[in-house]
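Asks: what's the 3D shape of this:
(chains A, B, C, D, E and F)
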4 protein chains.
Amino acid sequence: MEATQSRWHRRKDARPAEILEAALTVFAEKGFAAARMEDISRRAGVTKGTIYLYFDSKEALFKALIRQSISPAIAGAKEQVNNFRGPAGDLLRLVLTRIGHFIATSDRVVLPKIIVAEAGNFPELARFYRNEIIAQGLGLLTGLIARGVTSGEFRAVDPGHVARISIAPLLLAAFWRTSFAQFDDEPYDHAGMIETHIDLLLAGLSAGG
Amino acid sequence: MEATQSRWHRRKDARPAEILEAALTVFAEKGFAAARMEDISRRAGVTKGTIYLYFDSKEALFKALIRQSISPAIAGAKEQVNNFRGPAGDLLRLVLTRIGHFIATSDRVVLPKIIVAEAGNFPELARFYRNEIIAQGLGLLTGLIARGVTSGEFRAVDPGHVARISIAPLLLAAFWRTSFAQFDDEPYDHAGMIETHIDLLLAGLSAGG
Amino acid sequence: MEATQSRWHRRKDARPAEILEAALTVFAEKGFAAARMEDISRRAGVTKGTIYLYFDSKEALFKALIRQSISPAIAGAKEQVNNFRGPAGDLLRLVLTRIGHFIATSDRVVLPKIIVAEAGNFPELARFYRNEIIAQGLGLLTGLIARGVTSGEFRAVDPGHVARISIAPLLLAAFWRTSFAQFDDEPYDHAGMIETHIDLLLAGLSAGG
Amino acid sequence: MEATQSRWHRRKDARPAEILEAALTVFAEKGFAAARMEDISRRAGVTKGTIYLYFDSKEALFKALIRQSISPAIAGAKEQVNNFRGPAGDLLRLVLTRIGHFIATSDRVVLPKIIVAEAGNFPELARFYRNEIIAQGLGLLTGLIARGVTSGEFRAVDPGHVARISIAPLLLAAFWRTSFAQFDDEPYDHAGMIETHIDLLLAGLSAGG
DNA sequence: TATGAATGAGTCTTCATTCAT
DNA sequence: TATGAATGAAGACTCATTCAT
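Replies: I've put the predicted structure just below:
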């Protein structure tokens, strides 16, 4: 009796997260318009009506998904960057490796694809994502690289450009995993690619280059 | 254009291309599901029914769009690569600059976004794109880099990985243009970023690195 | 030159009949609503627009078809009945055999099916058919049978009822030919059935019965 | 009926039958193509969408209608025939009277018309109807008549032919009721016609004829 | 809190009809 | 007279949303 009740209660509290989890998967696979509320609800183990107890509409569900799915990773990286004492090159390697691991393993990897795909239909969401998430992430990397340039560890490059260059192969891996990986005969070695990328990047950045 | 006074244009030959052009824009902006045939037809300067004189269905229109929008750029690059005599580094710079120019100026730049967004709903199209277009493009770059490695001009890197690393910032620029550029206060200098990318990449690849 | 012109002219005169002929077939097969003007035009060897040179609309074409497709057979039968001198039984046999032959061979046999099927959508046409064609046909038979009753050759039956009974198996054959005959493993012997029908009917009608 | 105050009836069990009933009426009046789903739904007291909760498509609804509308009458007649002990003539009179009553009173009487009208558009349904329903019905009558012939009660006729002759006036009455009866100034006496038919038929069949 | 039958606005698609050629 | 590209009204069907239970 007690157990059942407590499970019931836990359930009630967990519902929104379960629904968002299901929504992430379905939106990633179908896109916003083609995703059916029925699909999401079934995947979340509830019925259609239940979703509306927690979210006002399909659009509200989508927006909640985007808004809640972001900060943690960024926050962690930010902390790592701020606390690090040592060469900028080592830190860059650390950060990129960490993001690469995230992209290789997390199911949040589908978010960039969702955002890009729906930027036209949800411009305010795209703007939010661009101005909050992307700006933060790029800002972090840009600062890191600027630090290396200032210290003379890196050549005199544009830190903003290099921030994007640094992240590009990782994002490519994310898109690949969410769009084309299903057709790979054998899984592509994203980790190896990212390692190569970091090596090349740091070699290219090194002052003596 | 001159016959605007009448509704009866009679443009059988030009119609399909006009419709595909309109479809490219609308599908890129809305995605497949959210695009309305009426929007496409209006943009093409015809009415709904006219599209169906040339394409069997919305899906057929979409597939035709993907299938016809591809080869030319690849073909041009392939020719360039095969005809080039000189250092692999120079050729790599040439090819990437060329693709960068294409991405900065062509309206075909939206295609990758469309494909990625609809990979879940049109897997056979994603497979086709992956196996034909992407495989060709990556193959071209991979061969080019392998040539540089073999000749000793480049360090001993995995050419497949480096091919992806080379193209990643360009694709990132394409996604940015089609998704977030509308929110830039001032246009981002993609060309400068790409130049920086090429410089870093070649520096990183150079045997002495 | 001359031949071509004359053929052209003959063509022009023949168009309406050709179109009606095609319409008869298509309407019979598909029904009014499911019949496409394009199908009719193609079968008639012209294009869609041409039909509208001769008929105002699909509905006008349909009505013209019904109205022109009727009288000849009835007129012939009427003449036969009026000119016949001899026992009513012989005449009845003659008339039913003649109609049976018509049903077995003419492509006009599809008309009853068309009328019955579209009675709900074209009530004024159904009324016209009922009041003109059917009334005439039944009137002819009714008179014939009444003659036999009056003369004492037939038993005292209701001539109106017997008129319908006489014609029923022939109509059944018509419906069968236009709806189910395509599924017969071997063609059903409608002629034999009609002969049996006439024999039974006359035996039943004969005064001594 | 009592819960008319609300739109939310919740009648899952009754719905399919209600919809089929409405479909029978509308399809009979308009034919398949001209029948609008909205008409059917309105007549069933629901909205368009509700039909699709129970039937996949207009075509599926139509087919379900045909397939479920059939056996009962046949089954009843079959039982009657098999259980009867007595002269074949009496049994024939009984069966035809029974079918005549059905035709005069049941709203299922429209089915033959629907089938005949749509045989061209739904050949597999026409084949099904022909091979199952009609074959059974004719088989029943054929057997009955053959029994009478064998016993010497009837003349040596072809039982298959006579089965069709027996049923023809009844079908004619069915077609009349569903197509032309609306234009009758006074209702035609189908029952009297059928009685006359039976009398004539049995008189014609009687061995001494 | 959860259900799922019912709703109805929104879209794709068809095809009778028009009219410049 | 004949063509057939183009039109646009009409109708099948989907699915986000509601609400009685």
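
Asks: can you list the domains in chain A?
Replies: When chain A is parsed with automatic domain parsing, its domains come out as A:2-67, A:70-205.

Asks: using CSV, lay out those domains together with mean pLDDT.
Replies: Output for the domains of chain A, formatted as CSV (pLDDT from 0 to 100):
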stretch, mean pLDDT
domain A:2-67, 88
domain A:70-205, 94
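
Asks: what's the closest of the ones you listed to residue D:149?
Replies: Minimum separation from residue D:149 across these (CB to CB) falls at domain A:2-67, 62.8 Å. From N, CA and C alone the C-beta is placed, and that goes for glycine too.

Asks: ok, that closest one near chain B or not?
Replies: Yes - for a cut-off given as CB under 8 Å from any CB of the partner chain, domain A:2-67 has contacts with chain B, namely A:28-34.

Asks: tell me the most buried of the domains of chain A?
Replies: Of these, the one with the most neighbours on average (mean count of other CB atoms under 10 Å in any protein chain shown) is domain A:70-205, at a mean of 18.

Asks: for stretch A:194-205, list the C-alpha coordinates in CSV.
Replies: Extracted in CSV, the C-alpha atoms of stretch A:194-205 (Å, rounded to 0.1, in the frame of the first residue of the first chain):
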residue,chain,number,x,y,z
ILE,A,194,38.0,14.5,-32.7
GLU,A,195,41.4,13.6,-31.4
THR,A,196,42.9,14.2,-34.8
HIS,A,197,41.1,17.5,-34.9
ILE,A,198,42.5,18.6,-31.6
ASP,A,199,46.0,17.6,-32.5
LEU,A,200,45.8,19.5,-35.8
LEU,A,201,44.2,22.5,-34.2
LEU,A,202,46.8,22.8,-31.5
ALA,A,203,49.6,22.2,-33.9
GLY,A,204,48.2,24.9,-36.2
LEU,A,205,47.8,27.3,-33.3
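
Asks: pretty sure residue A:87 sits against residue A:153.
Replies: Yes - using CB atoms under 8 Å, residue A:87 is in contact with residue A:153, at 5.9 Å.

Asks: closest one of the residues of domain A:2-67 next to chain B to residue B:40?
Replies: Relative to residue B:40, the closest of the residues of domain A:2-67 next to chain B is residue A:33; by CB to CB it sits at 15.1 Å.

Asks: who's in contact with the residue nearest to residue A:41 when sequence neighbours are not counted?
Replies: Once flanking residues are discounted, residue A:41 sits nearest to residue A:48: 4.9 Å by CB to CB, 6 or more residues apart in numbering or on different chains. When contacts are counted by CB atoms under 8 Å, 6 or more residues apart in numbering or on different chains, residue A:48 touches A:37-38, A:41.

Asks: give the next helix or strand downstream of the helix or strand hosting residue A:82.
Replies: For residue A:82, the element it lies in under DSSP states H and E is helix A:71-83. Counting by DSSP H and E, the next helix or strand C-terminal to helix A:71-83 is helix A:88-105.

Asks: which elements pack onto that following helix?
Replies: For helix A:88-105, the packing partners by 3 or more CB pairs under 8 Å, 6 or more residues apart in numbering or on different chains; DSSP states H and E come out as helix A:71-83, helix A:135-150, helix A:159-179, helix A:190-205.

Asks: in a markdown table: those helices, plus distance to DNA strand F.
Replies: Shown next, in a markdown table, are the helices and strands packed on helix A:88-105 (distance: least, CB to the nearest atom of the strand, whole Å):
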| stretch | distance to DNA strand F |
| --- | --- |
| helix A:71-83 | 26 |
| helix A:135-150 | 30 |
| helix A:159-179 | 21 |
| helix A:190-205 | 33 |
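
Asks: select, out of those helices, the one closest to residue C:100.
Replies: Of all those, it is helix A:159-179 that lies closest to residue C:100, at 70.3 Å by CB to CB.

Asks: how far does that closest one sit from the chain's center?
Replies: Centre-to-centre, helix A:159-179 and its host chain are 11 Å apart (CA atoms, centre = their mean, to the nearest Å).
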